[in-house]
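Enquirer: For reference, the sequence and a predicted model appear below.
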Amino acid sequence: MQPHELVDLENGLIAREIFFSETLYRQELERIFARSWLFLGHVSQIPERHDFFTNYMGEDPVVVLRDEGGRVRVFLNSCPHRGMRLCRLDSGNAARFTCSFHGWTFSSEGALVGVPFFKEAYHEALDRDAWGLAECPLVATYGGLIFACWDTQAGSLDDYLGDIRWYLDIVLERVRHFEVIPGLQRYTLDANWKIAAENFTGDTYHVPFSHGSVFQLEARTQNPVNWSTGHTLHTVRFEGGHGMTGIEMTGARYDTDLAIAATMGAEVVEYVEEGQRRLTERLGARQAKIYNIGFGNVFPNFSINSFSAFGPIGLYLWHPRGAGTLESWGWCAFDRDAPQVMKDHMRIDFARNQAAAGVIAQDDTENFEQVTQSSRGVIGRRRPFNYQMGLGRETAHAMPGYPGQYLDYYSEAGQRGFYDRWAQLMEMAS
Ligand code: FES
Ligand code: FE
């Protein structure tokens, strides 16, 4: 079956096969992950020359580094000689990378600068210039967020992100001096990567139910959102398969934050007020009216969440590891210049809610795994998933002056947009 037959957007039906087929999965790696701009990290993670961190683009390991001249570059983290993982650390600082298999050594520009027994073993015949590291041709940043793409035909990062940039600007401006807290939450799930990515694209529907116990327990008493009514919240989808939800306008939310701030001291009140002033000054009243963005996904697998001035910025990657396996990566970021009491609050909030053992993450990961386990049988795979929520109501909420398509708060139009993009790319032959 062709991708567009598996993804029937007119009727809101998606074949379960797309979450289980190893054939489709191999195509996804080539047609989606090797063609899309993929998030890798933030420039604040590599502030100095020769700083590096490792990550993945699809299943390809990469090392992201700042070279001799200070430029951010991305190399395939696989030795050209026999494929050994060249850099085996999560992060660090190194002017040279020496392969632990046979000892080939590479500069921060990716050049092969050292070959053991060059004379004795290669008789000086090896063309060292031809055997440097494979370099990702497109690397760009947006507000310090580093993205890369292997496809030189892909167009610019700005075009790729499109209207979602307008909302990322709000998050980035609020954070001001973006600092990713060292340490990465990384764990493997028995689930297809799309199950997690589409959830962040706009699945507001699961929040009051799946996370209901969290709200009942008041685990987030300092961070309340009226998820059940959702009337102050918005869901938006964008061209390109991106989506965001839990967008909340200034008003009650800001007042709540100020009340929380008052319990933490004058410095915190001033910080919250100053943040709102700065946002208005720098971005204008229309953008500043958006007080916070709940969660969203940049197609294909980069998700973000941010709840109020007291919520940390969560950054997530849903790395594909086979049709039925994903590796979840999550970082927490905040404003380096925020009052210490707020930073402590945010770090704890992330650990309590979104980290591997966090109460919110556990709800979600249990869903993702159980969806997978109970859908892969013979009979289960014959039945499509239902994405009919809000069919025909995609243009019901005009928001003049606000980029993107505003949807019903509870709507699956964002997920339909995600799968529309998926099908388009899957149908474009390599
Ligand atoms: Fe790296 Fe041989 S695999 S030097
Ligand atoms: Fe959730």
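Expert: That came in fine, so what should we check first? Source: prediction; values computed, not measured. Ligands and ions are numbered 1, 2, ... in the order given.
Enquirer: Quick check, central residue of the chain?
Expert: F302 (1.9 Å; CA atoms, centre = their mean).
Enquirer: ok, F39 - how many residues close by?
Expert: Using other CB atoms under 10 Å, the number of residues around F39 comes to 22. C-betas here are computed from N, CA, C, even on glycine.
Enquirer: Where does the stretch 151-300 of the chain get nearest to ligand 1, which residue?
Expert: The stretch 151-300 of the chain approaches ligand 1 most closely through R186 (24.8 Å), counting by CB to the nearest ligand atom.
Enquirer: name the element that residue belongs to?
Expert: strand 185-189 (DSSP states H and E).
Enquirer: Direction included, what does that strand pair up with?
Expert: Using DSSP bridges, the strands paired with strand 185-189 are strand 326-335 (antiparallel).
Enquirer: Which parts of the stretch 151-300 of the chain are helices?
Expert: 157-161, 164-175, 193-202, 207-210, 212-216, 252-264, 266-283, 285-288 (DSSP state H, counting those that start in this stretch).
Enquirer: and R66, which of the ones you listed is closest to it?
Expert: Closest approach to R66 among the helices of the stretch 151-300 of the chain is made by helix 157-161 (18.3 Å; CB to CB).
Enquirer: For the closest one, list every residue counted as buried.
Expert: 157, 160-161 (16 or more other CB atoms under 10 Å).
Enquirer: now stretch 251-260
Expert: 253-254, 256-257, 260.
Enquirer: Give me the phi and psi for the closest residue to ligand 1 within the stretch 251-400 of the chain.
Expert: Going by CB to the nearest ligand atom, ligand 1 is nearest to R321 of the stretch 251-400 of the chain, at 22.7 Å. Dihedral angles of R321 (phi, psi; degrees, to the nearest 10) stand at phi -140, psi 40.
Enquirer: Which residue or residues pair with the residue nearest to it when sequence neighbours are not counted through a beta bridge?
Expert: By the measure of CB to CB, 6 or more residues apart in numbering, the closest residue to R321 outside its immediate chain neighbours is E327, 5.2 Å from it. For E327, the beta-bridge partners are T188, H319 (DSSP bridges).
Enquirer: before we move on, what about the one 5 residues further on?
Expert: Assessed by DSSP bridges, C332 has beta-bridge partners G314.
Enquirer: neighbours around it, how many?
Expert: 23.
Enquirer: Show the pLDDT at it.
Expert: C332 is assigned 92 on the pLDDT scale.
Enquirer: Enumerate every residue touching it.
Expert: Going by CB atoms under 8 Å, 6 or more residues apart in numbering, C332 touches 180-181, 312-315, 346-347, 350, 354.
Enquirer: So it versus G92, what's the distance?
Expert: Between C332 and G92 the computed distance is 20 Å (CB to CB, to the nearest Å).
Enquirer: One more: C136?
Expert: From C136 across to G92, the span is 20 Å (CB to CB).
Enquirer: C-alpha coordinates for the helix or strand of the chain with the lowest mean pLDDT, PDB please?
Expert: Here the helix or strand of the chain ranked lowest by mean pLDDT, DSSP states H and E is helix 212-216, holding a mean of 81. What follows is helix 212-216, C-alpha atoms only, in PDB (Å, rounded to 0.1, in the frame of the first residue of the first chain):
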ATOM      1  CA  GLY A 212      -5.700  13.400  35.700                       C
ATOM      2  CA  SER A 213      -4.100  11.700  38.700                       C
ATOM      3  CA  VAL A 214      -1.200  14.200  38.600                       C
ATOM      4  CA  PHE A 215      -3.600  17.100  38.800                       C
ATOM      5  CA  GLN A 216      -5.600  15.400  41.500                       C
END
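Enquirer: helices or strands up against it?
Expert: helix 359-373 (3 or more CB pairs under 8 Å, 6 or more residues apart in numbering; DSSP states H and E).
Enquirer: Mind checking the pLDDT average for the helix it packs on?
Expert: Per-residue scores along helix 359-373 average to 94.
Enquirer: Give me the angle between it and strand 326-335.
Expert: 160 degrees (axes from the mean of the first three to the mean of the last three CA atoms, to 10 degrees).
Enquirer: What are the buried residues along helix 359-373?
Expert: 359-361, 363-365, 367-369, 371-372.
Enquirer: who touches V236 in this structure?
Expert: 167, 243-245, 247, 402, 404-407, 414.
Enquirer: Give me the pLDDT for it.
Expert: Note for V236: predicted pLDDT of 96.
Enquirer: do the same with D335
Expert: With respect to pLDDT, D335 has a value of 93.
Enquirer: still on that earlier bit, check the buried residues of stretch 251-260 one by one and keep those near ligand 1.
Expert: Subset of the buried residues of stretch 251-260 in contact with ligand 1: empty, counting by CB under 6 Å from any ligand atom.
Enquirer: As CSV, those with pLDDT would be great.
Expert: Putting those into CSV (pLDDT from 0 to 100) gives the following:
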residue, pLDDT
R253, 79
Y254, 86
T256, 84
D257, 88
I260, 89
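Enquirer: if we take those, which one ends up nearest to V115?
Expert: Proximity of those to V115 (CB to CB) peaks at D257, which lies at 58.4 Å.
Enquirer: hang on, the earlier thing: now the strand holding R186: average pLDDT?
Expert: The model assigns strand 185-189 a mean pLDDT of 95.
Enquirer: got the buried residues for it?
Expert: Those buried within strand 185-189 under the rule 16+ other CB under 10 Å are 185, 189.
Enquirer: what's in contact with that strand?
Expert: Strand 185-189 is contacted from outside by 196, 321, 325-331, 354-356, 365, 368-369, using CB under 8 Å, 6+ apart.
Enquirer: Top of these by number of neighbours, please.
Expert: L326 (28 neighbours).
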